[in-house]
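**Q** Could you look at this predicted model? Sequence included:
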Amino acid sequence: MKRFLACAALACSAAVQAQSGMPVTTLTAGMHLIKAEIASTDAQRAQGLMGRESLPANAGMVFVFDAPATQCMWMKNTPLPLSVAFIGADGSIVNIEDMRPLALDSHCSRKGVPVLYALEMRQGWFREKHIKPGMKIGNLPPPRR
């Protein structure tokens, strides 16, 4: 049974990677595990979750920026409602914003607090899991050099 579960988990991971072509990692948020696709290039960040109609329960996408700065996200061509957590270089959540499907308005990290990451999850995920600003996200990938 353990072997079956391990194979099933591996197959799910491969399916997520195959769908987007992006690498996948497991992040931590308190006791919660997140299967996150990694968007670390300009092209990957521009594509993001565009065109996706659904996300598995504990899956999302982590955007890795080149250097800490104010960052903004939008929902162009993204039909599913998302929440985004803006995260500093130390893994601390700076702010969390809910984003409407297909909206072109910008959702930005808090002014004056540079972030290195943005983590998009199904809308309401952070609230449901009691994940708030100031808490840390673990196992974040390093920025590209």
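**A** Sure thing, it's come through.

**Q** going forward, measure contacts and count neighbours with C-alpha atoms only.
**A** Noted.

**Q** Quick check: which element contains the nearest residue to residue 59 once chain neighbours are set aside?
**A** In space, and not counting its chain neighbours, residue 59 is closest to residue 35: 4.7 Å by CA to CA, 6 or more residues apart in numbering. With elements taken from DSSP states H and E, the one containing residue 35 is strand 32-39.

**Q** Give the other helices and strands that that strand contacts.
**A** Strand 32-39 sits against helix 2-20, strand 24-29, strand 59-69, with contacts defined as 3 or more CA pairs under 8 Å, 6 or more residues apart in numbering; DSSP states H and E.

**Q** rewinding a little: the residue nearest to residue 59 - how many residues pack around it?
**A** Residue 35 is flanked by 20 other residues according to other CA atoms under 10 Å.

**Q** And for residue 44?
**A** Neighbours of residue 44 under the rule other CA under 10 Å: 17.

**Q** Give me the phi and psi for it.
**A** Dihedral angles of residue 44 (phi, psi; degrees, to the nearest 10) stand at phi -70, psi -40.

**Q** residue contacts, the nearest residue to it once chain neighbours are set aside?
**A** Of all residues not flanking residue 44 in the chain, residue 22 sits nearest, at 7.6 Å (CA to CA, 6+ apart). Residues in contact with residue 22 (CA atoms under 8 Å, 6 or more residues apart in numbering) are 37, 38, 39, 44.

**Q** again with residue 64
**A** By CA under 8 Å, 6+ apart, residue 64 lies in contact with 38, 39, 40, 41, 116, 117, 118, 141, 142, 143.

**Q** Between these, which sits nearest residue 98?
**A** For those, the residue nearest residue 98 by CA to CA is residue 118; the value is 12.6 Å.

**Q** Is the closest one in a helix, a strand, or coil?
**A** Put simply, residue 118 is strand when judged by DSSP: H, G, I helix; E, B strand; the rest coil.

**Q** Let me know the pLDDT of it.
**A** pLDDT recorded at residue 118 is 99.
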